[in-house]
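J.: What follows is a protein structure lacking sequence information:
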RNA sequence: GCGCGCGUAGCUCAAUUGGAUAGAGCGUCGGUCUCCGAAGCCGAAGGUUGUGGGUUCAACCCCCGCCGCGCGCACCA
């Protein structure tokens, strides 16, 4: 167990002695500014506050019950009631030595592993994956990797958009205007063309819309021909998805699309109606406010000109078709019955916030017992903007296709690599460009706080200076270059930390696990990005100031080599957790 | 109109339970390669965290008002 965790447990035990009724789960030990110590706890101040106690007195009493002398060189009470811990150098060195022996890599497996379903990516059949999908896909993948690394059970499920009203138009287009050669050449482009064609016709001509609707009804009724065309469209789309996911290195345990839940939709609606949760209105069926919330907080109400009027979630359209709320309810039901997860996480655009708010409330009303046992979380994210501050588009104003974006990333990276490392063979430069290009796009997407919009900039994400994937991979490659130059042979296992840069780097390595846990708890991969950037910075600072291969003596050299190796391993593991590969040389 | 989200250095972004002197990169100015990868590193300048109140030992963070921007407001997802 890592030292900070040991301190934390001892502190919690001490608090329990002083305040037997206190909830010590909030008593945490966190890294802090070096001038105060290595770790800090501010938990006593809030505990004192709710009890109207003197925080410094509580700190003094707690400290009297706390023996961390095996771990800490110093414990102090500071400020309004902070506890500051300074780790013993020997403990620090031992922790690093254990890591060097491969006993750990600065993180512990979760004490209480959870089962988590993560729903992400969710592309639509017959449409090209576009730049927007990078967000859900990248964030979702980073989260599944993080949770898995910490020992949680993850079920990743790609909720593909393979059902819905668009298929009426697509079927009509397929039957009447399909270009056989085009579908062989580029299936998605042809499907897109068909959709746009019929969509435009429907806009102009109501009769065409009726034809499309008729095709949809036939599909929903199980018409053999329509079903077979629909399946072919899914198959063609799946090839596209697989190509993209394989490039991105993203894997799903399941890809149960919307259509998978069709058999249960009718039952969901009738059950909701029987329980009085849903009712008919204007020919449709919807879930309305149950009045349990204040109007302001009630997503089923909307204010129009000073009056609160109903804003229901529809579960059945007046034509008998079902809405996505219905599918989503059936999906929750299926996931709970199949996997019994502790949590279901939806990595979906922030704009769907209101939908999820309603969905979760409806589910709680529908299956209150089951709802109490599962945490439903919407992990929302903002939009990708162009440098003009408007949604990111191509020059001609079209949506940027994900495949094109990844191609361009690799091309741009290849130009840079060829410029900087012209001496490397072309095949190697191509491989470096692939890793750097894709890594740059992913990293740029994971770095900003996910809820905010961010501006897409090739120059920034591919820059070698600043908080970018190329910078991090460069730091990794530099370390690897040290080992190519180091003579192989038996090295001493002791780690001795003397220079301030060595200590700073070593202490930062110890915080890897805290960072991973923060990512898992708050579902925010950007914490890990920032941690790795700091790690690379602290490493470089160490590297500038502390000769490794040219160290004064063999013991220092071996100790520093060990620090280099541990840094490289954390960098590699960290980047891998973000879904980013590394190269040994660039 | 109503609701949700956002507003942090010239620009792009951070800030891990409400915690200690709000941090990076770009750009600007200056320093640093006979020395392990200079695609690097070090330093300087740059802030009333949109604004006005409030809660607190402590507020970028919580509460209220205002200003600005974005998004969403039954039978698409």
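T.: Looks like it came in fine. What you see is a predicted model, and the numbers here were worked out from it, not measured in a lab.

J.: contacts, neighbours, all on C-alpha from now
T.: Will do.

J.: which bits of the stretch 101-250 of chain A sit near RNA strand B?
T.: Counting by Cα under 7 Å from any atom of the strand, the residues of the stretch 101-250 of chain A close to RNA strand B are A:161, A:164, A:165, A:166.

J.: Would you mark the buried spots in stretch A:255-274?
T.: By 16 or more other Cα atoms under 10 Å, the buried positions in stretch A:255-274 come out as A:255-258, A:260-262, A:264-266, A:268-269, A:272-273.

J.: ok now that stretch, how far from the chain's centre?
T.: Computed by Cα atoms, centre = their mean, to the nearest Å, the chain-centroid distance of stretch A:255-274 equals 28 Å.

J.: Check what contacts it and list those residues.
T.: Contact with stretch A:255-274 is made by A:157-163, A:278-279, A:315-316, A:322, A:326-327, A:329-331, A:366, as judged by Cα atoms under 8 Å, 6 or more residues apart in numbering.

J.: According to the record, where do the domains of chain A fall?
T.: In terms of domains, chain A is parsed into A:3-87, A:115-161+A:258-381, A:166-248, A:402-577 (source: automatic domain parsing).

J.: possible to save these as TSV with distance to residue A:394 and mean pLDDT?
T.: Listed next are those as TSV, based on distance: least, Cα to Cα, whole Å; pLDDT from 0 to 100:
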stretch	distance to residue A:394	mean pLDDT
domain A:3-87	44	93
domain A:115-161+A:258-381	11	93
domain A:166-248	16	93
domain A:402-577	10	93
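
J.: possible to save those domains as TSV with distance to residue A:584?
T.: Shown next, in TSV, are the domains of chain A (distance: least, Cα to Cα, whole Å):
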stretch	distance to residue A:584
domain A:3-87	31
domain A:115-161+A:258-381	22
domain A:166-248	20
domain A:402-577	5
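
J.: Which of those sits closest to residue A:98?
T.: Across those, residue A:98 has its closest neighbour in domain A:402-577 (9.7 Å, Cα to Cα).

J.: what about the helices in the stretch 401-550 of chain A?
T.: A:402-420, A:426-446, A:458-461, A:469-485, A:500-510, A:512-522, A:526-545 (DSSP state H, counting those that start in this stretch).

J.: Pick the most deeply packed of those.
T.: Highest mean neighbour count among the helices of the stretch 401-550 of chain A (mean count of other Cα atoms under 10 Å): helix A:426-446, with a mean of 22.

J.: Show me what it is packed against.
T.: If you count contacts as 3 or more Cα pairs under 8 Å, 6 or more residues apart in numbering; DSSP states H and E, helix A:426-446 packs onto helix A:133-149, helix A:402-420, helix A:458-461, helix A:469-485, helix A:526-545.

J.: And those: which comes nearest residue A:376?
T.: Closest to residue A:376 of those is helix A:133-149 (Cα to Cα; 15.0 Å).

J.: ok and that closest one relative to helix A:526-545, angle-wise?
T.: For helix A:133-149 against helix A:526-545, the angle by axes from the mean of the first three to the mean of the last three Cα atoms, to 10 degrees is 80 degrees.

J.: right, and the helix or strand after helix A:133-149?
T.: Sequence-wise, the next helix or strand downstream of helix A:133-149 (DSSP states H and E) is strand A:153-157.

J.: so how far is residue A:438 from the closest residue in space to residue A:463 that isn't next to it in sequence?
T.: Computed as Cα to Cα, 6 or more residues apart in numbering, the closest residue to residue A:463 that is not its neighbour in sequence is residue A:470, at 6.8 Å. Noted for residue A:470: a distance of 10 Å to residue A:438, by Cα to Cα, to the nearest Å.

J.: try residue A:523
T.: The value you get for residue A:523 to residue A:438, if Cα to Cα is used, is 22 Å.

J.: Same question for residue A:346.
T.: Distance, residue A:346 to residue A:438, using Cα to Cα: 24 Å.

J.: With residue A:146 instead?
T.: In terms of Cα to Cα, residue A:146 sits 19 Å off from residue A:438.

J.: next one: residue A:111
T.: 34 Å.

J.: returning to that earlier point: turn the helices of the stretch 401-550 of chain A into a markdown table, including distance to residue A:51.
T.: Output for the helices of the stretch 401-550 of chain A, formatted as a markdown table (distance: least, Cα to Cα, whole Å):
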| stretch | distance to residue A:51 |
| --- | --- |
| helix A:402-420 | 55 |
| helix A:426-446 | 41 |
| helix A:458-461 | 49 |
| helix A:469-485 | 47 |
| helix A:500-510 | 34 |
| helix A:512-522 | 28 |
| helix A:526-545 | 33 |
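
J.: about what we covered before: among the contacts of stretch A:255-274, which are in helices?
T.: A:326, A:327, A:329, A:330, A:331, A:366 (DSSP state H).

J.: Quickly name whichever of those is closest to residue A:391.
T.: residue A:327 (29.1 Å).

J.: ok, now which ones touch the closest one?
T.: A:258, A:261, A:262, A:265.

J.: Go again with 10 Å.
T.: A:257, A:258, A:259, A:260, A:261, A:262, A:264, A:265, A:268, A:315, A:333 (Cα atoms under 10 Å, 6 or more residues apart in numbering).

J.: Ok, residue A:536 next?
T.: A:467, A:471-476, A:505, A:530, A:542, A:567-568, A:571.

J.: how about the strands in the stretch 101-250 of chain A?
T.: Ranges of strands in the stretch 101-250 of chain A, per DSSP state E, counting those that start in this stretch, are A:115-119, A:153-157.

J.: I'd like the ones you listed laid out as a markdown table, including distance to residue A:98.
T.: Formatted as a markdown table, these follow (distance: least, Cα to Cα, whole Å):
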| stretch | distance to residue A:98 |
| --- | --- |
| strand A:115-119 | 29 |
| strand A:153-157 | 26 |
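
J.: so of those, which one's packed in deepest?
T.: Using mean count of other Cα under 10 Å, strand A:115-119 ranks as the most buried of the strands of the stretch 101-250 of chain A, with a mean of 24.

J.: neighbouring contacts of it?
T.: Contacts for strand A:115-119 (Cα under 10 Å, 6+ apart): A:136-137, A:140-141, A:143-144, A:147-148, A:151-160, A:252-255, A:335-336, A:339-348, A:374-379.

J.: and that strand, which strands flank it?
T.: strand A:153-157 (parallel), strand A:343-347 (parallel) (DSSP bridges).

J.: so can I have JSON lines of those showing distance to residue A:361?
T.: Formatted as JSON lines, the strands paired with strand A:115-119 follow (distance: least, Cα to Cα, whole Å):
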{"stretch": "strand A:153-157", "distance to residue A:361": "22"}
{"stretch": "strand A:343-347", "distance to residue A:361": "14"}
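
J.: Quick one: closest of these to residue A:219.
T.: Residue A:219 lies closest, by Cα to Cα, to one member of the strands paired with strand A:115-119: strand A:153-157, at 25.0 Å.

J.: how far is that closest one from where the chain is centred?
T.: 13 Å.

J.: what's it in contact with?
T.: Contacts of strand A:153-157 (Cα under 10 Å, 6+ apart): A:113-122, A:140-141, A:143-148, A:251-257, A:335, A:339, A:341-346.

J.: among those, which ones are buried?
T.: A:114-122, A:140-141, A:143-148, A:252, A:255-257, A:335, A:341-346.

J.: Return the set of buried residues in the helix or strand where residue A:15 lies.
T.: Per DSSP H and E, residue A:15 falls inside helix A:3-18. For helix A:3-18, a neighbour-count test (16+ other Cα under 10 Å) marks A:3, A:4, A:7, A:8, A:9, A:10, A:11, A:12, A:13, A:14, A:15, A:16 as buried.

J.: Of these, which pair is most distant in space?
T.: The widest separation within those (Cα to Cα) is 19.9 Å, between A:3 and A:16.

J.: mind listing what residue A:213 touches?
T.: Contacts of residue A:213 by Cα under 10 Å, 6+ apart are A:165, A:166, A:167, A:168, A:169, A:171, A:172, A:207, A:219.
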